[in-house]
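Engineer: Sequence first, predicted model second:
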There are 2 protein chains.
Amino acid sequence: MHTRPIIPGTDAAELTEALSDLIRVIQFRDRDRACCYGLSVSQCYALKAVADGEQMTVNDVAAALYLDKSTASRLVNGLISDGFVSKEADESDRRVLRLSPTPRGRAVYSAIQEELVREYEELLGGLDDEGRAAVVRTVRTLGRGFAARVEASGGSCCVVR
Amino acid sequence: MHTRPIIPGTDAAELTEALSDLIRVIQFRDRDRACCYGLSVSQCYALKAVADGEQMTVNDVAAALYLDKSTASRLVNGLISDGFVSKEADESDRRVLRLSPTPRGRAVYSAIQEELVREYEELLGGLDDEGRAAVVRTVRTLGRGFAARVEASGGSCCVVR
DNA sequence: ACATATAGTTGCGTATTACAACTATTGAGA
DNA sequence: TCTCAATAGTTGTAATACGCAACTATATGT
């Protein structure tokens, strides 16, 4: 692979293009996957948040997924009534609910993760070790970059004009 | 940072983690941006499809965005009635509509693109030339990988089990 | 003790989307 | 030429996802 001349603005413009393609196709995949295990896509992300964290609260889930707490509340309650997550009152603050996956929730989460990992394994199949590592690094970097921007600006590209 | 995925350490597992973070944060950003220029997020993607292509049809837009043609139809008609896109009957086949951006549509599209490019420019700011090129390559590779999977399988992770 | 802040819920409106049924047009074969 | 299948696009309908605002219950600080 040869190095292209880097013209200022060009990389960013290509990234714009490439990212928007990537997002659309992943959103499609996620919509399409909605059926599995009786979880919606959003519930799946919420279950992930609960399973990856420790003693998560509804607000923690909202923050992790960049959602309003009302949306997080509904997602979590869906997971609870479907038996994927259990809640427990926090003794020291009775406003708070401590969430954890049920055994079934944990099992389903593992199954979904494994399926994704298999898929990504295939996707990375053509790359050598360094290439694979680079992909992971890049995606992490982008994610952190966006997260930092979101946290800094609180949002809204359209400042008053 | 918090706990790692279920099969820690493997590239595919880390990619699962990193990509799901990236997707959530970008979806948040897109929701948040919805206000600008009187376009919804989806309309914005549709305008992009019309502007980037030549003489696009409604079906072309649907294919480009991985949407049902009914959804594409409504998006496009929204763009038309808001004056961002114009339609013209195809002379050789009067079922099809040929779409193109209006001058206003083109202007708004440019403005949005420039805003994104500025944002990505910042995001890439910390990287050297080769790093920037690598990011673009990676995102392209991922996008193509997903697109290939989607086209191959027609979708649905959950085959009957 | 009272004002204020925080966790979570609920009511409500909007956006995004798919599926299925429909119209209009095209094109191929009997 | 007539008919029938395929295709482009539209419309009816319903589900999901989401935010904002108002609300309850609990906690904390002055």
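Structural biologist: Looks like it came in fine. Numbers count the residues shown, from 1 in each chain, chains lettered A, B, ... in the order given.

Engineer: contacts, neighbours, all on C-alpha from now
Structural biologist: Noted.

Engineer: where in chain A is pLDDT low?
Structural biologist: A:1-9, A:34-35, A:153-161 (pLDDT under 70).

Engineer: all strands of it, in order?
Structural biologist: Counting by DSSP state E, chain A has strands at residues A:85-89, A:97-101.

Engineer: Only the buried residues of the first one, if you could.
Structural biologist: Right, strand A:85-89. A:V85, A:S86, A:K87 (16 or more other Cα atoms under 10 Å in any protein chain shown).

Engineer: Can you give me every residue that contacts the first one?
Structural biologist: By Cα atoms under 8 Å, 6 or more residues apart in numbering or on different chains, the contact list for A:V85 reads A:L47, A:V50, A:V76, A:L79, A:L99, A:S100, A:P101, A:T102, A:G105.

Engineer: if we go to 7 Å?
Structural biologist: A:L79, A:L99, A:S100, A:P101, A:T102, A:G105 (Cα atoms under 7 Å, 6 or more residues apart in numbering or on different chains).

Engineer: Let me know how buried A:L15 is, in neighbour terms.
Structural biologist: A:L15 is flanked by 25 other residues according to other Cα atoms under 10 Å in any protein chain shown.

Engineer: Please apply the same query to A:R94.
Structural biologist: A:R94 has 9 neighbours, counted by other Cα under 10 Å.

Engineer: Nearest spatial neighbour of the residue most central in space within chain A, chain-adjacent residues omitted?
Structural biologist: Nearest residue to the geometric centre of chain A (Cα atoms, centre = their mean): A:Y45, 5.9 Å. Distances taken as Cα to Cα, 6 or more residues apart in numbering or on different chains place A:L65 nearest to A:Y45, at 7.5 Å, with adjacent residues excluded.

Engineer: likewise A:A147?
Structural biologist: Closest residue to A:A147 apart from its sequence neighbours, by Cα to Cα, 6+ apart: B:V25 at 6.3 Å.

Engineer: How about A:L75?
Structural biologist: Spatially, and ignoring its direct neighbours in sequence, A:L75 is nearest to A:Q43 (5.8 Å; Cα to Cα, 6+ apart).

Engineer: For A:S86, give me its contacts.
Structural biologist: Neighbouring residues of A:S86 by Cα under 7 Å, 6+ apart: A:I80, A:L99, A:S100, A:P101, A:T102.

Engineer: In this structure the second one contacts A:Q55, no?
Structural biologist: Yes - taking contact to mean Cα atoms under 7 Å, the distance of 5.3 Å between A:L99 and A:Q55 places them in contact.

Engineer: More neighbours: which of those two?
Structural biologist: Counted by other Cα under 10 Å, A:L99 and A:Q55 do not tie: A:L99 has more neighbours, with 25 against 17.

Engineer: What sits closest to that one if chain neighbours are left out?
Structural biologist: Counting by Cα to Cα, 6+ apart, A:L99 lies nearest to A:K87, which is 4.6 Å off, once chain neighbours are set aside.

Engineer: ok, the one you found - contacts?
Structural biologist: The contact partners of A:K87, taken as Cα under 7 Å, 6+ apart, are A:L97, A:R98, A:L99, A:S100.

Engineer: so A:L15 makes contact with B:V136?
Structural biologist: Yes - counting by Cα under 7 Å, B:V136 is a contact partner of A:L15 at 5.3 Å.

Engineer: and A:F146, how many neighbours?
Structural biologist: Per other Cα under 10 Å, the neighbour tally for A:F146 reads 20.

Engineer: cool, and A:G145?
Structural biologist: Neighbours of A:G145 (other Cα under 10 Å): 18.

Engineer: Just give the nearest non-adjacent residue to it, would you?
Structural biologist: In space, A:G145 is closest to B:L123, 6.0 Å off (Cα to Cα, 6+ apart).

Engineer: Contact residues of chain A facing DNA strand D?
Structural biologist: Chain A comes close to DNA strand D at residues A:34, A:40-43, A:66-71, A:91-95, as judged by Cα under 7 Å from any atom of the strand.

Engineer: if we go to 6 Å?
Structural biologist: Residues of chain A that fall close to DNA strand D, judged by Cα under 6 Å from any atom of the strand: A:S40, A:V41, A:S42, A:Y66, A:L67, A:D68, A:S70, A:T71, A:S92, A:D93, A:R94, A:R95.
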